[in-house]
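Undergrad: Can you look at this prediction? I've put the sequence above it.
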Amino acid sequence: MFYKYSDYLKTEAQPYMWCPGCGDGIVVRALAEALAELNIPPHQVVIATGIGCWGKADDYFSTHAFHGTHGRALAFATGIKIGNPGLHVIVLMGDGDAVTIGGNHFIHSARRNIDLTAIVVNNYNYGMTGGQYSATSPLASHTATSPRGVPEPGFDVGALAETSGAVFIARSTAYHVLQIKKYIIQAIQKKGFSLVEVMSPCPTHFGRRNFPGGPLAMMKYLKGRAVPKERFDKLADHERIKYIATGVMANKERPDFLTVYREINPAKQLAELGGVKK
Amino acid sequence: MSRPKGMQLLQGNEACAWGAIDAGAGFFAGYPITPSSEIAEICARELPAYGGVYIQMEDEIAGMAAIIGASLSGKKTFTATSGPGFSLMQENLGVGIYQEVPCVIVDVQRVGPSTGLATRPAQADVMQSRWGTHGDHAIIVLSPASVKEMYYLTVRAFNLAEKYRTPVILLSDEVIGHLRENIALPEANALDIINRKQPYEEPEKYLPYKPDDDGIPPMAAYGSEYIMHASSSCHDETGCSNSKPDTNQKLLTRLRTKIYSNKEDIVQVECFGPADAETTIIAFGATSRVCKQAIVEANKKGMKVNLLRLITLWPFADEQVQAVLEKSKAVIVPEMNQGQILGEVQRVNCTNTPVYQLTRIDGELFTTAEILSKIREVAI
C-alpha cells in the first residue's frame, strides 16, 4: 500500500487555527508529504508536541499523537520511543519549547542521542501568548516584553544541537518548502537525535513589531536572507548577522541511546530469570 | 545479583524495586535523590535482564514525563524520588492524571520544605501528594509501614494504576525506605496482576477517551492499529483538544468519579488493638509502627487503646475514620508534620469526640514514650 500525504492528516480538523502568513501550516504539509514519501504506516508514527502555536499541530495529524506540557515534549518522547523502539517519534516544538523552557531536555536528548526527529519551528517569539521574547529572539529585537529591545542575544538552535551531540542538523525556512520536506525525510531516516529547524514568520507579533512591510515582507526576508551554509561560512562576522545559514549543518555517525544501552545491558533468557516471565 | 530467594533481610527500598519488577514494570525513568536512590540503583542493575530499561533523566520533570510516554507506548512504568524531586514531578503528574496514564510514583519522604534535611524522615508530603499538581483532580496514594508492605503495596500501586488508568503514588518515608526486615518474596507468578483494558471494537471506531460503563476507557498503546491521541489540554473522547464549556466539566467529573465511586476497592485500613477501645490513634507509615508498640504497652497497663492505620491515604478513609470517631472517647493523630491528616480527621468529625494532635517535625521518629504519654494525657 502507498500512503498519500492526506493519510497522515485529520483534514476534517482544518482549516488550521494559525494566523494568515504563519509558517506552521507549511511545515505540517511538508511533514505529511515526507511521511508519505517514506511510506511509513500512520500507526507507526507518533507526533509529539509541547505548548505554543506549533504545539497545536498534533490535532491536525491522524497518526498517534501526544500533546504535553511546555518544553517537555522531548522528555515525553524519550519515554514513548523507549517504550516502543519501532515507532517513528517526531517532536514538534517552537523556539520556546525547544530551547527556552525546554532547553535542558533539548541538550540532554541530543547528548543521549535518543532516536527522535525534532522539528523546531523558530519564529523568534512566543506567538501564542502575544509575542513575548524567547531564547531565540535576536538581540535588540522588539517584542511584547522587550519594548525597547531584547537585552539578551538569542541562541543558534543548530549550534546548540551540534555542541550537544545531535547527529543530524538541518536548517531551512518557511519559504523553502521543498527543502523542508527533503530535510525532514533525511532526519526521519537518520538513527539518533536529528533536528530540522525551520525559520518561520510570525507576522502577527514578531513581524508587526520588527517588519513594517507585513507578512509578505517577512517571506521575502526569509527568501532573500537565506544563504547556503557554505556561502554563509565565508561571510565576515559583521555580515553574518544579516543572513540565515541554511542547509545540512551536521550529519554524523554515532550509535543511538537504545543501541548502546542494549549492547551493555543485554536481556536475559527466561531460564536465567528462574522462569519468571514479565 | 538476582531476585532474592527464600527468607532474606531486605531494605524497604529494595523490596519496592522488586515489587515493581514483579508487578511487570518494564521502564524506570528518574533522577537520583536521597533517600530513594536505592530504588533507582536496583532498577539500573536488574531491569535490563527482564527486557526493561532504566534511564537516568536530566531532572525529575523529565523523569515523570518519560514514564508517562513509555506507559502510553504500552509499558508498565515508574519512578522514585523524595520531596524536592516530587515537587518537580507535580507539573507532569497532572498530565498523567488528565491523560489517564497508568504509572507509579514512589515518594520516600524526607524533611522539607525545600532541600530540608536530606537524610531525615518526615511525613509532610501528604497534602502535596493530594493537591501538589494544579487544578481539580483525584489521586490514589498508598502508605506502606513495613518492608513487606513496600513490596506488596508497590504491586498494588501498579494494579490500581492499571485498573483505573491513573498515576498512583506510593508515599513512603525515610524510615520505611531504609528499614531492613525479613521478607520472603512470593513466587512472582503467584501474584494477582492487573493489566490495563485493551480496546475491543474495530480500530476505526476506537475513541481513546470514550469510557466504558465503569468510567474507564480501554487504552491502546502507541504503535497499535488503534490510534491513541493523548492531550494534556482539555480533550474530548477523540483525545483531541476541545475547549467547549461542558467538555472539561464532563471529563473532570468522570476522572473523579472513576476513583471516588470505587473507594470500597481502593481504600484500605488496618485496625490494631481491642475493638472496644476508649482511645483511638489514627496514624500511617513509620509513625504507625511506634503507635503499635505504645498501644501494646498501654493495653498491658489497663488502658484501652487501639489504632486505625491508614494504608490508603487518598481517597481519604472518611467512613472508617467516622466510625472510630463515633466509637472512641478520644482520638489522637500523631504524624511527622504539622497536622495534615489531623485536618482531614477534623473535617470528617461530626461527633463531640475530641481529636488531639501530636507532631514531630525535627527529623526524628516518634518514641514509644512520647505516644504513651499522650495516651495517658487524653485518657485522664
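TA: That came in fine, so what should we check first? Just so we're clear, the structure is a prediction, and the values are computed from it rather than from any experiment. Numbering: from 1, shown residues only, chains lettered A, B, ... in the order given.
Undergrad: tell me which element the closest residue to residue B:47 other than its chain neighbours falls in.
TA: Distances taken as Cβ to Cβ, 6 or more residues apart in numbering or on different chains place residue B:54 nearest to residue B:47, at 4.9 Å, with adjacent residues excluded. (Glycine included, C-beta is placed from N, CA and C.) Secondary structure here is read from DSSP states H and E; on that basis residue B:54 sits in strand B:53-56.
Undergrad: Any part of stretch A:7-21 near chain B?
TA: Yes - applying Cβ under 8 Å from any Cβ of the partner chain, one finds stretch A:7-21 touching chain B at A:10, A:13.
Undergrad: What mean pLDDT does that stretch get?
TA: Stretch A:7-21 carries an average pLDDT of 96.
Undergrad: what does stretch A:77-88 give?
TA: Here stretch A:77-88 scores 98 as its mean pLDDT.
Undergrad: quick one: buried residues of that stretch?
TA: Under the neighbour-count criterion of 16 or more other Cβ atoms under 10 Å in any protein chain shown, stretch A:77-88 has A:77-85, A:87-88 buried.
Undergrad: Quick check: pLDDT value at residue A:269.
TA: pLDDT recorded at residue A:269 is 73.
Undergrad: roughly how far apart are it and residue B:50?
TA: From residue A:269 across to residue B:50, the span is 11 Å (Cβ to Cβ, to the nearest Å).
Undergrad: what's the neighbour count on residue A:230?
TA: 9 (other Cβ atoms under 10 Å in any protein chain shown).
Undergrad: Wait, it touches residue A:248, no?
TA: No - in this structure residue A:230 lies outside contact range of residue A:248 using Cβ atoms under 8 Å: 10.5 Å.
Undergrad: got a list of what the closest residue to chain B within the stretch 151-278 of chain A touches?
TA: In the stretch 151-278 of chain A, no residue comes nearer to chain B than residue A:265, which is 3.5 Å away by Cβ to the nearest Cβ. Counting by Cβ atoms under 8 Å, 6 or more residues apart in numbering or on different chains, residue A:265 touches residue B:48.
Undergrad: quick revisit: have a look at residue A:269 and residue B:50 and say which one is more surrounded.
TA: Taking other Cβ under 10 Å, residue A:269 and residue B:50 do not tie; residue B:50 has more neighbours (20 against 8).
Undergrad: Could you check the pLDDT of residue A:272?
TA: Confidence at residue A:272, expressed as pLDDT, is 69.
Undergrad: again with residue B:298
TA: 97.
Undergrad: Run through the residues that contact the closest residue to it other than its chain neighbours.
TA: Among residues not flanking residue B:298 along the chain, residue B:305 sits closest, at 4.5 Å (Cβ to Cβ, 6+ apart). Residues counted as contacts of residue B:305 (Cβ under 8 Å, 6+ apart) are B:273-274, B:277-281, B:294-295, B:298-299, B:375.
Undergrad: Tell me how many other residues surround residue B:367.
TA: Residue B:367, neighbours per other Cβ under 10 Å, totals 13.
Undergrad: The lengthiest helix in chain A packs against which elements?
TA: Determined from DSSP state H, the single longest helix within chain A is helix A:24-38. Under the contact criterion of 3 or more Cβ pairs under 8 Å, 6 or more residues apart in numbering or on different chains; DSSP states H and E, helix A:24-38 touches strand A:88-94, strand A:117-122, helix A:177-189.
Undergrad: got the ones you listed as CSV, with distance to residue A:61 columns?
TA: Listed next are the helices and strands packed on helix A:24-38 as CSV, based on distance: least, Cβ to Cβ, whole Å:
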stretch, distance to residue A:61
strand A:88-94, 9
strand A:117-122, 12
helix A:177-189, 14
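Undergrad: out of those, deepest packed?
TA: Stretch with highest mean neighbour count among those: strand A:88-94 (a mean of 30; mean count of other Cβ atoms under 10 Å in any protein chain shown).
Undergrad: Helix A:24-38 and that one, what's the angle between them?
TA: Here strand A:88-94 points in a direction 170 degrees away from that of helix A:24-38 (axes from the mean of the first three to the mean of the last three Cα atoms, to 10 degrees).
Undergrad: distance between the following helix or strand past strand A:88-94 and the chain's centre?
TA: Next along the chain after strand A:88-94, taking DSSP H and E as the criterion, comes helix A:95-96. Averaging C-alpha positions (Cα atoms, centre = their mean, to the nearest Å) puts helix A:95-96 10 Å from its chain's average.
Undergrad: nearest residue to the residue of the stretch 101-250 of chain A found nearest chain B other than its sequence neighbours?
TA: Going by Cβ to the nearest Cβ, chain B is nearest to residue A:108 of the stretch 101-250 of chain A, at 4.1 Å. Spatial nearest neighbour of residue A:108, chain neighbours left out: residue B:58 (4.1 Å); criterion: Cβ to Cβ, 6+ apart.
Undergrad: The one you found contacts residue A:103, doesn't it?
TA: No - here residue B:58 does not reach residue A:103: they are 10.2 Å apart, not a contact under Cβ under 8 Å.
Undergrad: in chain B, which spans are helices?
TA: Along chain B, counting by DSSP H, helices occupy B:12-23, B:37-46, B:60-72, B:83-99, B:126-131, B:147-164, B:174-178, B:245-260, B:263-266, B:285-300, B:318-327, B:340-348, B:368-379.
Undergrad: Could you pull up the mean pLDDT of the last one?
TA: Helix B:368-379 shows a mean pLDDT of 96.
Undergrad: Measure how it sits relative to helix B:285-300, angle-wise.
TA: Interaxial angle of helix B:368-379 relative to helix B:285-300 (the same axes, to 10 degrees): 60 degrees.
Undergrad: what sits up against helix B:368-379?
TA: When contacts are defined by Cβ under 8 Å, 6+ apart, helix B:368-379 is touched by residues B:278-279, B:281, B:290-291, B:293-295, B:297-298, B:303, B:305, B:330, B:332, B:334, B:354, B:356, B:358, B:360.
Undergrad: now stretch B:310-322
TA: Counting by Cβ under 8 Å, 6+ apart, B:126, B:129-130, B:138-145, B:149, B:153, B:171, B:259-260, B:263, B:266-270, B:282-284, B:308, B:341, B:344-345, B:348-350 sit against stretch B:310-322.
Undergrad: restrict those residues to contacts with chain A.
TA: When Cβ under 8 Å from any Cβ is applied, no member of the contacts of stretch B:310-322 is adjacent to chain A.
Undergrad: I am finished for the moment; much appreciated.
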